[in-house]
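1. need coordinates for the following:
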Amino acid sequence: MPAALLLAAVLSAVPPAPAPEALHAAWPGVRLSPPSGSYTPEALRADLESLAGAFRDVVRIAEKGRSSEGREIPVVLAGSGPEKVLLWSQMHGDEPTATAALVDLLAFLAENRNEPATAHLLSRLTLVVVPMLNPDGAVRGDRRNAQGIDVNRDATRLQTPEGRFIKEIRDRYTPAAGFNLHNQSPLVTAGPGGAQAAIAVLAVSAARNEPEGPALQRKRGLAGHLARVASTFVPGRVTRYATDYTERAFGDSMSRWGTPTVLLETGGWHGPREEERLVRLNFVLLLSALHALARGEETADAAIYETLPPNVRGDLVDLVLRGATVHGGRGLPPFRADVAVVKARAFAGDGRRLPSAAVVDVGDLGHLAGLEEVDATGLVVAPAPAGGAEAWEKVVAALAARGLAKDGALLLDDDALAREARAWAAGRAIVPWAEVDLVLFTRAEKGLVVESFARGGTRTK
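-> Okay, here's the model as predicted:
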């Protein structure tokens, strides 16, 4: 039989890969991950052991490394194919989204093991999965490990037990592809002035000037595939991660050591149940990419990778109040300004971690976009007292006792408001990096009436 006909016959025998939409629809039925989208090491171990116990023919816990503080680092194998694929997550302890997605992915493969497409994937690939490389950091909600070292910058010195373990795993299995799974800040845009980036990908370099070749093409193809599938669900929100070759980083080192590696960074997807939607998206992306690998189609989307907009940082915040009349809390006359606020989050990447929501800038902030934008041209903004609604009620009651409030309205002109706001703010002010809630007023005939509050980085009526 001619070679071309033989190839066509082989391809025709391969079952079609499931559509991304079908994988998306399948996720709720196989999901094990918690609603928070974040595992504790104990809960992760319980779910993995449950899967391995129920589906020994598909999922098996191969071994367990140990963290700096002695916590288990499980390695899960799935499939029996000749090509090994390494997927590792939560190298940074405060970046949990892909960990949850990997557990759900394993559950899907186990429960659908007899479906033709899944059976084909499991016969072609052996997945080597490290769902939580840094359990000590996960317990603390910390990027770094218990030694205080960023494990992702320990690939050359290997001073962390976590780093040594993932290197040993790579050397033992010599995987033909790697997926380095992270979370990035949700306050990143898809290109200058673009939408919030939900997903960023990178074909991780093996050298400062990596030559063209099969390894680079495989990485570009996988990154392009992830981007194409992601764009089905988050159009205009997929980026190319911006970073230079870093010899001491593990993704770069994996590529240098012979495992072509793709970086997948999960950003933000503003709206209800954000964490769940991002876990589901990761589940779909990773499964779809694995099907492409199993079918030998991983380079088909390489051209897409080159078209992706870059990650842009510094242009996005959670909340912007536009054109407000600001009483800053220091007793000064009011002024017109924009006010930008960011939320506290469980992870901050290598950026500044905030214990609570904070004002990040005041003034002309036309260069910033907010996930929530408020036209505040008719509003007066002042710092709110610490203590939430109860504290505000006490302020209003005290003002009413002095004849300065009636029926919930404040009977204050600008001079009086400047004086009183300084008193109830008790040293807090609307200045950059101040962790302060805000109260927004409208001017009515009966006085200043509360329109809303900005608490925790969100405006609430």
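2. correct me if wrong: residue 357 contacts residue 459.
-> No: judged on C-beta atoms under 8 Å, residue 357 makes no contact with residue 459 at a distance of 11.2 Å. (C-beta placed from N, C-alpha, C; glycine too.)
3. low-confidence stretches in the chain?
-> 1-12, 347-352 (pLDDT under 70).
4. what sits closest to residue 456 if chain neighbours are left out?
-> Nearest non-adjacent residue to residue 456, counting by C-beta to C-beta, 6 or more residues apart in numbering: residue 357, 5.0 Å away.
5. roughly how far apart are that neighbour and residue 457?
-> Counting by C-beta to C-beta, to the nearest Å, the gap from residue 357 to residue 457 is 4 Å.
6. same check, this time on residue 283
-> 28 Å.
7. those two: who's more crowded?
-> Remark: of residue 283 and residue 457, residue 283 carries more neighbours, 27 against 21, as counted by other C-beta atoms under 10 Å.
8. now residue 329, what's its secondary structure?
-> coil (DSSP: H, G, I helix; E, B strand; the rest coil).
9. same question for residue 85.
-> Residue 85 ends up strand, using three-state DSSP.
10. so who does it touch?
-> The neighbours of residue 85, taking C-beta atoms under 8 Å, 6 or more residues apart in numbering as the test, are 125, 126, 127, 128, 175, 176, 177, 178, 179, 290, 293.
11. residue 372: which element?
-> strand 369-375 (DSSP states H and E).
12. go on, residue 189?
-> Per DSSP H and E: strand 188-190 holds residue 189.
13. which strands and helices sit next to that strand?
-> On a contact count with 3 or more C-beta pairs under 8 Å, 6 or more residues apart in numbering; DSSP states H and E, strand 188-190 meets strand 238-240, strand 311-313.
14. looking at those strands, which is nearest to residue 297?
-> Closest to residue 297 of the helices and strands packed on strand 188-190, according to C-beta to C-beta: strand 238-240, at 19.4 Å.
15. mind listing what's buried in stretch 198-214?
-> 198, 199, 200, 201, 202, 203, 204, 205, 206, 210 (16 or more other C-beta atoms under 10 Å).
16. CA atoms only: put it into PDB for me.
-> What follows is stretch 198-214, C-alpha atoms only, in PDB (Å, rounded to 0.1, in the frame of the first residue of the first chain):
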ATOM      1  CA  ALA A 198      -8.300  35.300  31.300                       C
ATOM      2  CA  ILE A 199      -5.500  33.100  29.900                       C
ATOM      3  CA  ALA A 200      -1.900  33.700  28.900                       C
ATOM      4  CA  VAL A 201       0.300  31.200  27.200                       C
ATOM      5  CA  LEU A 202       4.000  31.000  26.400                       C
ATOM      6  CA  ALA A 203       6.100  28.600  24.300                       C
ATOM      7  CA  VAL A 204       8.900  28.500  26.900                       C
ATOM      8  CA  SER A 205      12.300  29.200  25.500                       C
ATOM      9  CA  ALA A 206      15.200  26.700  25.900                       C
ATOM     10  CA  ALA A 207      17.800  29.300  25.200                       C
ATOM     11  CA  ARG A 208      18.100  33.100  24.700                       C
ATOM     12  CA  ASN A 209      18.000  32.600  21.000                       C
ATOM     13  CA  GLU A 210      16.400  29.200  20.500                       C
ATOM     14  CA  PRO A 211      16.900  27.900  17.000                       C
ATOM     15  CA  GLU A 212      14.000  26.800  14.800                       C
ATOM     16  CA  GLY A 213      13.200  23.100  15.100                       C
ATOM     17  CA  PRO A 214      10.700  20.400  16.100                       C
END
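17. ranges for the strands of the stretch 1-150 of the chain?
-> 59-66, 72-78, 83-89, 125-130 (DSSP state E, counting those that start in this stretch).
18. what's next to the second one, contact-wise?
-> In this structure, residues lying in contact with strand 72-78 by C-beta under 8 Å, 6+ apart are 41, 44-45, 48, 52, 58-67, 106, 109-110, 122, 126-133, 135, 162, 165, 169.
19. again with stretch 353-366
-> 317-318, 320, 326, 328, 337-345, 348, 368, 430-438, 454-457.
20. all helices for the stretch 301-450 of the chain, in order.
-> Per DSSP state H, counting those that start in this stretch, the stretch 301-450 of the chain carries helices over the ranges 302-305, 388-401, 414-425.
21. which helices and strands does the shortest one pack with?
-> Other helices and strands packing on helix 302-305, by 3+ C-beta pairs under 8 Å, 6+ apart, are helix 214-233.
22. now the helix it packs on: buried residues?
-> Result for helix 214-233 [16+ other C-beta under 10 Å]: buried residues 215-216, 218-233.
23. packing partners for that helix?
-> helix 20-30, strand 199-203, strand 238-240, strand 261-266, helix 274-294, helix 302-305.
24. can you do 10 Å?
-> Helix 214-233 is packed against helix 20-30, strand 177-183, strand 199-203, strand 238-240, helix 250-257, strand 261-266, helix 274-294, helix 302-305, with contacts defined by 3 or more C-beta pairs under 10 Å, 6 or more residues apart in numbering; DSSP states H and E.
25. how far away from the center of its chain is the biggest strand by length in the chain?
-> Secondary structure assigned by DSSP state E gives strand 316-326 as the longest strand of the chain. Taking C-alpha atoms, centre = their mean, to the nearest Å, one finds strand 316-326 lying 24 Å from the centre of the chain it belongs to.
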